[in-house]
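S.K.: Build the 3D model from these lines:
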Amino acid sequence: MTSANPGISKAVIPAAGLGTRFLPATKATPKEMLPVVDKPAIQYVVEEAVAAGLSDVLMVTGRNKRPLEDHFDRNYELEEALTRKGDAERLAKVQESSDLAAMHYVRQGDPRGLGHAVLCAAPHVGDEPFAVLLGDDLIDPRDALLSRMVQVQARSGGSVVALMEVAPEQIHLYGSAAVESTDSDDVVRITGLVEKPEAADAPSNYAIIGRYILDPHVFEILRKTEPGRGGEIQLTDALQQLAEDEKVGGPVHGVVFRGRRYDTGDRGDYLRAIVRLACEREDLGPDFRTWLRSYVTEEM
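M.R.: As a prediction, this is how the structure comes out:
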């Protein structure tokens with residue numbers, strides 16, 4: 001699959017979080033490296049960017065994130081050992097991650113929020129639209145959300161965010177968007193954004209999930225954005241300004257996603273993601289589904 005807009009080639013993946021919800025597993029291992037079946041969660045995200053035609057990936061990291069760089073780098077000693085054993089299948093899997101994309105890294109330093117993490121990417125991105133993919137959101141590879149967002153940005157300009165309808169009692173966990181309909185069933189025009197509102201104050205039950213296509217004007221707004229909720233620089237605040245003043249950075253649209261999404265930052269959803277993806281694998285699924293049915297029957 002190729003990008004609908006050859007002008008968008010860069011993806012930014014913020015990966016500086018501490019992963020405290022998964023302690024003690026994340027004491028010495030970045031949360032992005034926790035496995036989902038047999039690949040680290042972060043590899044699914046990079047593969048999604050590549051499938052949408054984005055060949056240049058910048059990870060915004062922090063301390064203790066060196067394993068991320070190692071995973072997407074060559075491991076010549078391991079490759080040589082597998083070659084000597086004649087294990088071509090595992091060799092191909094090891095080489096796959098290092099051949100996915102042109103990988104780059106920058107340190108965030110102080111953890112000052114998602115807006116600050118995006119701002120750290122400014123020197124690398126330059127003056128062109130770019131994608132932001134949050135590592136905690138895993139989109140099923142069969143649902144081409146990012147590719148659709150690239151198409152919408154190519155047609156409408158400005159910025160595009162991914163939205164999902166959630167139950168009103170869940171909206172306080174997300175940014176919430178005020179929207180207007182368009183001539184496309186899965187596309188809305190965003191007129192306002194609120195970060196983690198109470199249900200009574202939310203403009204809608206459209207929640208912002210972790211995929212964005214951003215106009216580069218967002219950088220100059222982020223440089224002037226004061227810390228907001230939680231003392232952090234919120235990307236939502238910058239998108240609100242873009243939505244209010246379309247002369248600077250164009251309009252903000254939302255693509256309403258109705259596909260399969262896994263929040264790998266939540267322990268329960270992380271386990272559900274592993275089970276669902278394992279069940280659907282041709283090499284693992286048949287035996288695993290048989291065992292799972294038996295286990296569930298015994299437990300009921």
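S.K.: What helix or strand is Val46 located in?
M.R.: helix 41-51 (DSSP states H and E).
S.K.: tilt between whichever helix or strand comes after that helix and helix 41-51?
M.R.: As assigned by DSSP H and E, the chain's next helix or strand after helix 41-51 is strand 56-61. For strand 56-61 against helix 41-51, the angle by axes from the mean of the first three to the mean of the last three Cα atoms, to 10 degrees is 150 degrees.
S.K.: which residues sit against strand 56-61?
M.R.: Strand 56-61 has contacts (Cβ atoms under 8 Å, 6 or more residues apart in numbering) with 9-16, 46, 49-50, 65, 68-69, 100-108, 117-118, 120-121, 124-125. In this view, the C-beta of every residue, glycine as well, is placed from N, C-alpha and C.
S.K.: what's the helix holding Val46 in contact with?
M.R.: With Cβ under 8 Å, 6+ apart, helix 41-51 has contacts from 1, 11, 13, 15, 31-36, 57, 68, 71-72, 97, 100-101, 103, 131, 133, 135, 137-139, 141, 144, 146-147, 264.
S.K.: Now, of those, which are buried?
M.R.: 11, 13, 15, 31-34, 36, 57, 68, 71-72, 97, 100-101, 103, 131, 133, 135, 137-139, 144, 146-147, 264 (16 or more other Cβ atoms under 10 Å).
S.K.: Mind checking which of the residues you listed are in helices?
M.R.: Filtering the buried ones among the contacts of helix 41-51 for membership in helices, criterion DSSP state H, returns 68, 71, 97, 146-147.
S.K.: pLDDT and distance to Lys224 added to those residues, as JSON lines?
M.R.: Shown next, in JSON lines, are these (pLDDT from 0 to 100; distance: Cβ to Cβ, whole Å):
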{"residue": "Leu68", "pLDDT": "92", "distance to Lys224": "30"}
{"residue": "His71", "pLDDT": "93", "distance to Lys224": "36"}
{"residue": "Ser97", "pLDDT": "89", "distance to Lys224": "38"}
{"residue": "Leu146", "pLDDT": "95", "distance to Lys224": "28"}
{"residue": "Ser147", "pLDDT": "93", "distance to Lys224": "32"}
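S.K.: Reformat the residues you listed as a markdown table; add distance to Tyr270.
M.R.: What follows is those, written out as a markdown table (distance: Cβ to Cβ, whole Å):
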| residue | distance to Tyr270 |
| --- | --- |
| Leu68 | 18 |
| His71 | 18 |
| Ser97 | 20 |
| Leu146 | 21 |
| Ser147 | 25 |
